[in-house]
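> this one's structure only:
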């Protein structure tokens, strides 16, 4: 039977990650090459303590864990950080006491596995999750059957449904009853065919109030092209609908006023002289000299073509800016009929409508850019993780280490799949998705599904 020294020597040669042994007094007895590289020095460390070669925080934690291993007489697992700032590295340590046999002293053996890449990836995913959660758009992720699996904070703010109430439900809990069955049938046919769907819908909050939103729903597909779920990004456009309604009401009101009160009408000759002297003073206030000069091309074109010409212009008063429309209608060989109409309400409503749409479009573009950028940023550390997983597979590992490595590998593959799905979604929204034409065997693809 091998004694503890032989066992330690074998472990030193087998373990490729940082490995060291210490006595009960905390003095290093043996370290492997990987631990020496971690220290960044080729100077011998045997006989020294952690405080002699490592930073104070690391040494204090290491000595604390030594005492824990000595007291527990079993395996002690813990995480520790070495360095600071951009050079900070994270390790998962497994420390164990190897009792002496009476003629030899107790030995504390420690294996260190670096988890810096995983910790950094988890931090990036945490930031990504925070960004999604704080997005101004409502985000919903469902399974293939349409059951909600994730909602962000904006969804809760808009609908009133907390995440714990929404998850496990079908999005039909938001139905207002306004949209027809055909509306939803067309939407589901579109996304189940693998294509994105966009449209407006009127939904109902948990409290019963109605709200409008513009939704973009896309299928989430795996590498085989099978739909694994759906993701919906929704923008609350209730305010936009309100502006549209206000515009409609304003136009109706303006039309009623115009129908009740005759427009100001007068005649002008080819030279621009007003042919109705009694109206000159009244006309001057709503059709000033600078507006008459600017409208000259329209007046001349009315004489030349015989078509109605429309000229819009602002008039600045002390407290406000009013907008008018002048229509030039040929009424004789050397005269045109000019009709002046106040269009202030229409112009202001159109401006508010345009600004509201630009705001909504800007928010949608920012969201798409954010998803694309975050997907690319997260992909980089994930590639490092998967690469080092493959390198670890080629090394000699204990069964328990192989089990842990398989868990990490599956988790990394799952993360890569999620990032690819999100990246594909952002590409779809930006119109940059490329459709591939790949031959496949339908029996091979569909037989498992049928079974």
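Sure thing, it's come through. Because the structure is predicted, anything quoted here is derived from the model rather than measured.

> which other helices and strands contact the helix or strand containing residue 349?
Using DSSP states H and E, the element containing residue 349 is helix 344-393. Judged by 3 or more Cβ pairs under 8 Å, 6 or more residues apart in numbering; DSSP states H and E, helix 344-393 is in contact with helix 116-133, strand 227-236, helix 238-260, strand 321-332, helix 399-430. Any C-beta I mention is one placed from the backbone N, CA and C, and that applies to glycine too.

> go again with 10 Å.
Counting contacts by 3 or more Cβ pairs under 10 Å, 6 or more residues apart in numbering; DSSP states H and E, helix 344-393 is packed against helix 116-133, strand 210-221, strand 227-236, helix 238-260, strand 309-316, strand 321-332, helix 399-430.

> Throw these into a markdown table and include distance to residue 56, mean pLDDT and mean neighbour count, thanks.
Shown next, in a markdown table, are these (distance: least, Cβ to Cβ, whole Å; pLDDT from 0 to 100; neighbours: other Cβ atoms under 10 Å):
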| stretch | distance to residue 56 | mean pLDDT | mean neighbour count |
| --- | --- | --- | --- |
| helix 116-133 | 20 | 72 | 16 |
| strand 210-221 | 48 | 91 | 19 |
| strand 227-236 | 48 | 90 | 20 |
| helix 238-260 | 57 | 75 | 13 |
| strand 309-316 | 72 | 88 | 15 |
| strand 321-332 | 69 | 88 | 16 |
| helix 399-430 | 30 | 77 | 16 |
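
> for residue 85, find the nearest of the ones you listed.
helix 116-133 (12.9 Å; Cβ to Cβ).

> follow-up on the earlier one: can you list the helices and strands packed on helix 344-393 in CSV and add distance to residue 90?
Shown next, in CSV, are the helices and strands packed on helix 344-393 (distance: least, Cβ to Cβ, whole Å):
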stretch, distance to residue 90
helix 116-133, 5
strand 210-221, 31
strand 227-236, 32
helix 238-260, 46
strand 309-316, 64
strand 321-332, 62
helix 399-430, 14
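
> buried set for stretch 63-76?
Judged by neighbour count (16 or more other Cβ atoms under 10 Å), stretch 63-76 contains these buried residues: 65, 66, 69, 76.

> widest-spaced pair of those residues?
Maximum pairwise distance among those (Cβ to Cβ): 8.9 Å, between 66 and 76.

> shared neighbours, these two?
Common neighbours of residue 66 and residue 76 (criterion: Cβ atoms under 10 Å, 6 or more residues apart in numbering): 95, 97, 108, 110.

> and the first one, how far from residue 80?
Spelled out, it's residue 95. 10 Å (Cβ to Cβ, to the nearest Å).

> overlap of the contact sets of the two?
62, 65, 112.

> break down the stretch 1-150 of the chain into its helices, ranges please.
Assigned by DSSP state H, counting those that start in this stretch, the helices in the stretch 1-150 of the chain fall at 4-14, 33-39, 50-53, 56-72, 116-133.

> so for the shortest one, mean pLDDT?
Yep, that's helix 50-53 we're talking about. For helix 50-53, mean pLDDT rounds to 83.

> over to the fourth one?
Looking at helix 56-72 alone, the average pLDDT works out to 84.

> other SSEs contacting that helix?
strand 19-23, helix 50-53, strand 76-82, strand 89-98, strand 107-114.

> any idea which of the ones you listed is most buried?
Highest mean neighbour count among the helices and strands packed on helix 56-72 (mean count of other Cβ atoms under 10 Å): strand 19-23, with a mean of 22.

> run through who's touching that one.
4-5, 7-9, 11-13, 27-36, 38, 45-50, 62-63, 66, 69, 95, 98, 100, 105-112.

> okay, and for the stretch 151-300 of the chain, where does confidence drop off?
The model of the stretch 151-300 of the chain has pLDDT under 70 over residues 254-263, 278.

> quick one: residues contacting residue 197.
Shown in contact with residue 197 (Cβ under 10 Å, 6+ apart): 186-191, 215-219, 230, 232.

> cool, residue 354 as well?
By Cβ under 10 Å, 6+ apart, residue 354 lies in contact with residue 243.

> one step back: filter the contacts of strand 19-23 down to the buried ones, ChimeraX style.
Under the burial definition 16+ other Cβ under 10 Å, those of those that qualify are selected in ChimeraX by:
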select :4,8,11,12,28,29,30,31,32,34,35,36,38,45,49,50,62,66,69,95,98,106,107,108,109,110,111,112
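
> contacts only, for the residue nearest to residue 34 when sequence neighbours are not counted.
Spatial nearest neighbour of residue 34, chain neighbours left out: residue 18 (4.7 Å); criterion: Cβ to Cβ, 6 or more residues apart in numbering. Taking Cβ under 10 Å, 6+ apart, we find residue 18 in contact with 31-39, 82, 91, 93, 110-114.

> contacts only, for residue 199.
So residue 199 contacts 179, 183, 186, 187, 190, 213, 214, 215, 216, 217 (Cβ under 10 Å, 6+ apart).

> now do it against residue 264, distance only.
As judged by Cβ to Cβ, residue 199 and residue 264 stand 44 Å apart.

> picking up where we left off before, output the buried residues of stretch 63-76 as a markdown table; include the columns distance to residue 118.
Below are the buried residues of stretch 63-76 laid out as a markdown table (distance: Cβ to Cβ, whole Å):
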| residue | distance to residue 118 |
| --- | --- |
| 65 | 21 |
| 66 | 25 |
| 69 | 24 |
| 76 | 20 |
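
> distance of the closest residue to residue 170 other than its chain neighbours from residue 139?
Among residues not flanking residue 170 along the chain, residue 146 sits closest, at 5.6 Å (Cβ to Cβ, 6+ apart). To residue 139, residue 146 is 15 Å away according to Cβ to Cβ.

> who has more neighbours out of the two?
residue 139 (19 against 15; other Cβ atoms under 10 Å).

> isn't the more buried one right next to residue 153, touching?
Yes. Under the criterion of Cβ atoms under 10 Å, residue 139 makes contact with residue 153 at 9.4 Å.

> hang on, the earlier thing: and residue 368, which of the helices and strands packed on helix 56-72 is closest to it?
Distance to residue 368, taken as Cβ to Cβ, is lowest for strand 89-98 among these, at 33.2 Å.

> next, residue 443: phi, psi?
Main-chain torsions, residue 443, degrees, to the nearest 10: phi -60, psi -40.

> tell me, how many residues neighbour it?
8.

> and what of residue 281?
Residue 281, neighbours per other Cβ under 10 Å, totals 8.

> could you point out which element follows the host helix or strand of it?
Using DSSP H and E, residue 281 sits in helix 280-286. For helix 280-286, the following helix or strand on the C-terminal side (DSSP H and E) is helix 289-294.

> for that following helix, packing partners?
Under the contact criterion of 3+ Cβ pairs under 10 Å, 6+ apart, helix 289-294 touches strand 309-316, strand 321-332.

> what pairs with the last one, parallel or antiparallel?
When you say that, I think you mean strand 321-332. Partner strands for strand 321-332, per DSSP bridges, with pairing direction: strand 309-316 (antiparallel), strand 335-342 (antiparallel).
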